[in-house]
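A.B. asks: how would this look folded up:
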Amino acid sequence: MPVEEVSVGRGGIFVVIRVYEYLLKISGALLPLLGIWYLQAYQSPQMCSVEHAMHNVAVLAATVLSGFVAYVTWRCYRYSGEPFLRWLTLGFLGFTIIYAPHGLFTSISDTHMALFLLYGPTSRVVMGVLLFIGLLSYGRRRDVQSERDRHGRWWLWGAFFLAIDVAVAVVAETSLLKLLNWRIWLEMSALVVSISGVLIVLARHRSLPLMMTYALSLALFAQSSISFLLATPWNHQWWYAHAVFAVGFFFLSYGVVRAFLTTGAFSTVFSAEELMSRLRIEKNNTEEALRQLQVANSELALMASTDSLTGASSRRHFLATVGLELSRAARNGLPLSLLALDIDNFKSVNDKYGHQAGDAVLRYLAESVRDALRPHDVFGRVGGEEFMILLPDTSKGAASVLAERIRSRVESMAIPFVDGVLRVTVSIGVAEFGIDGEMQDEVFKVADDRLYRAKHAGRNLVVS
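C.D. replies: Model prediction:
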């Protein structure tokens with residue numbers, strides 16, 4: 001099958017699978033509606049289960065859990081400074097403080113039903129409004145550290161939530177209760193705010209994984225409000241509404257915990273697809289950085305082992321190579337020879353024509369010598385105008401022949417310069433490891449001594 005067909009086929013099934021994924025998410029988010037419909041259609045609204053003890057335990061657990069999640073969210077806010085997390089913290093904190101009396105007044109629910117009931121929808125409205133404000137602040141500039149460290153405003157908000165508790169009690173226990181059907185209006189408000197939040201997330205932030213968790217939580221909060229609107233206290237629909245809200249709360253707290261355990265921010269927790277994409281990018285960047293590092297290391301190694309002017313091996317690299325070749329020659333029983341080479345009267349070239357002329361002489365000499373060598377011969381600059389040549393698998397006789405050829409090439413070399421051409425000669429000393437000494441220093445000394453004998457004998461000579 002052609003590559004194009006494979007690509008198109010995969011693209012088509014990818015779209016189908018992506019649509020199926022969205023349908024699964026929508027179905028999961030709206031699943032509580034099925035339970036609401038079932039209870040409304042097949043369960044009598046008059047069937048009640050009055051369980052004060054169970055209700056108190058549930059409210060206590062919800063209060064403790066929401067307080068804990070508020071603290072975790074606050075810790076995330078202190079770390080990241082996201083305004084969204086600030087409002088999310090206030091949402092959890094407001095729910096905790098306002099919802100707590102709902103459990104405290106369970107025991108008097110028979111005689112003070114309004115006082116018992118109103119704290120639930122009020123806590124959900126306050127939480128929903130604060131979560132909605134948080135959505136509007138999503139993506140804004142992060143708070144500075146001094147703003148995050150202000151503890152006073154948290155106490156002010158706590159006092160505000162306590163004031164709402166007092167206001168609810170006043171409404172429930174006075175003639176203000178008769179002005180409105182407070183429970184219905186509060187549940188309707190919570191429903192509208194939750195649905196508005198879902199729409200904002202889908203319109204602006206649907207590509208962010210934790211924000212989709214946020215949208216799912218708001219969708220469950222909205223369905224719990226629908227269930228509360230259809231319910232009467234203590235019947236099955238009423239208990240079911242609590243369960244739906246609890247599931248939504250668990251999803252929202254999961255998002256907070258994910259943020260806390262990963263990046264500390266809601267906006268920078270990635271989906272599996274985003275994470276794999278970022279890992280691929282970082283892997284490519286790392287491989288490219290390693291490649292560049294290897295190139296740089298190779299260049300540094302070359303710079304460290306090569307004389308920049310002549311291209312010959314540096315003194316350190318040449319001496320290290322001699323040690324390796326000497327070990328190899330001794331192990332395999334092969335000859336190894338050494339040439340010590342020095343430019344005759346090089347100081348006079350520098351004095352008469354300047355250092356630029358001296359550099360030109362060194363470059364041309366190095367090029368001429370390299371042209372006479374084999375690939376595995378080692379040519380090193382060990383001093384200003386002093387060079388050495390290591391000749392593996394070469395006896396002293398063959399080395400002497402090569403030395404004479406190098407001397408002749410240098411003698412006939414014409415080096416172009418400003419005032420014409422320069423000509424130089426070289427003196428060369430030849431030595432062989434094993435014959436002229438076993439140790440590196442011994443052979444070096446013999447080669448140097450023969451080099452100086454060539455100098456004293458009139459220069460432009462090879463002495464072996």
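A.B. asks: alpha carbons only for contacts and neighbour counts from here, please
C.D. replies: OK.
A.B. asks: Isn't residue 224 up against residue 246?
C.D. replies: No: applying Cα atoms under 8 Å, one finds residue 224 not in contact with residue 246, separated by 9.0 Å.
A.B. asks: Name the residue in the two with the higher neighbour count.
C.D. replies: residue 224 (30 against 18; other Cα atoms under 10 Å).
A.B. asks: Now do the contacts for that one.
C.D. replies: Shown in contact with residue 224 (Cα atoms under 8 Å, 6 or more residues apart in numbering): 240, 241, 242, 244, 245.
A.B. asks: Repeat the analysis, applying 10 Å as the threshold.
C.D. replies: By Cα atoms under 10 Å, 6 or more residues apart in numbering, residue 224 lies in contact with 32-33, 36, 124, 187, 190-191, 218, 230, 237-238, 240-248.
A.B. asks: Residue 446 too?
C.D. replies: 338, 340, 429, 430, 431, 432, 436, 437, 452, 464.
A.B. asks: any idea how far it lies from residue 215?
C.D. replies: Between residue 446 and residue 215 the computed distance is 88 Å (Cα to Cα, to the nearest Å).
A.B. asks: One more: residue 378?
C.D. replies: For residue 378, the distance to residue 215 - Cα to Cα - is 73 Å.
A.B. asks: out of those two, which sits in the more crowded spot?
C.D. replies: Taking other Cα under 10 Å, residue 378 and residue 215 do not tie; residue 215 has more neighbours (26 against 21).
A.B. asks: Not including adjacent chain positions, what is the nearest residue to that one?
C.D. replies: The shortest distance from residue 215 to any non-neighbouring residue, by Cα to Cα, 6 or more residues apart in numbering, is to residue 198 (5.0 Å).
A.B. asks: The one you found touches residue 212, doesn't it?
C.D. replies: Yes: contact status for residue 198 versus residue 212: in contact at 8.9 Å, counting by Cα atoms under 10 Å.
A.B. asks: Which one's more surrounded, the two?
C.D. replies: Between residue 198 and residue 212, counting by other Cα under 10 Å, residue 198 is the more crowded of the two (22 against 19).
A.B. asks: Wasn't that one part of a helix?
C.D. replies: Yes: secondary structure of residue 198 (DSSP: H, G, I helix; E, B strand; the rest coil): part of a helix.
A.B. asks: That one: what's it in contact with?
C.D. replies: 132, 135, 206, 211, 212, 214, 215, 216, 217, 218, 219, 222.
A.B. asks: make it 7 Å
C.D. replies: By Cα atoms under 7 Å, 6 or more residues apart in numbering, residue 198 lies in contact with 215, 218, 219.
A.B. asks: for these, which one is nearest residue 384?
C.D. replies: Distance to residue 384 across the contacts of residue 198 (Cα to Cα) is lowest for residue 215, with 77.1 Å.
A.B. asks: helix or strand for the closest one, which one?
C.D. replies: If you go by DSSP states H and E, residue 215 is part of helix 209-230.
A.B. asks: Which strands and helices lie in contact with the helix or strand following that helix?
C.D. replies: Heading C-terminal from helix 209-230, the first helix or strand you meet, by DSSP H and E, is helix 236-261. Helices and strands touching helix 236-261, by 3 or more Cα pairs under 7 Å, 6 or more residues apart in numbering; DSSP states H and E, are helix 52-80, helix 209-230.
A.B. asks: from those helices, which stretch is densest packed?
C.D. replies: Highest mean neighbour count among those (mean count of other Cα atoms under 10 Å): helix 209-230, with a mean of 25.
A.B. asks: Kindly confirm my reading that residue 340 is in a helix.
C.D. replies: No: looking at residue 340 with three-state DSSP, it is strand, so not inside a helix.
A.B. asks: Touching, it and residue 387? I think so.
C.D. replies: Yes: between residue 340 and residue 387 there is a contact at 6.1 Å, judged by Cα atoms under 7 Å.
A.B. asks: got any residues that touch both of these two?
C.D. replies: Taking Cα under 7 Å, 6+ apart as the contact criterion, no residue touches both residue 340 and residue 387.
A.B. asks: more neighbours, these two?
C.D. replies: Ranked by neighbour count (other Cα under 10 Å), residue 340 and residue 387 place residue 340 first, with 28 against 21.
A.B. asks: in the sheet, who's paired with that one?
C.D. replies: residue 388, residue 429 (DSSP bridges).
A.B. asks: Find me the pLDDT at it, would you?
C.D. replies: Per-residue confidence (pLDDT) for residue 340: 92.
A.B. asks: go on, residue 219?
C.D. replies: Looking at residue 219, its pLDDT is 94.
A.B. asks: just the one 10 residues further on next, same as before
C.D. replies: At residue 229 the predicted local confidence, pLDDT, stands at 94.
A.B. asks: Could you pull up the contacting residues of residue 34?
C.D. replies: Not one residue lies near residue 34 by Cα under 7 Å, 6+ apart.
A.B. asks: now the one 3 residues further on
C.D. replies: By Cα under 7 Å, 6+ apart, residue 37 lies in contact with nothing.
A.B. asks: my guess is residue 253 meets residue 69, correct?
C.D. replies: Yes: with contact defined as Cα under 7 Å, residue 253 counts as touching residue 69 (6.2 Å).
A.B. asks: What residue spans form the domains of the chain?
C.D. replies: For the chain, automatic domain parsing gives the domain ranges 3-264, 270-305, 309-463.
A.B. asks: Check the offset of the last one from the chain's centre.
C.D. replies: In other words, domain 309-463. Here domain 309-463 is found 53 Å from its chain centre; the criterion is Cα atoms, centre = their mean, to the nearest Å.
A.B. asks: longest helix anywhere in this structure?
C.D. replies: helix 3-42 (DSSP state H).
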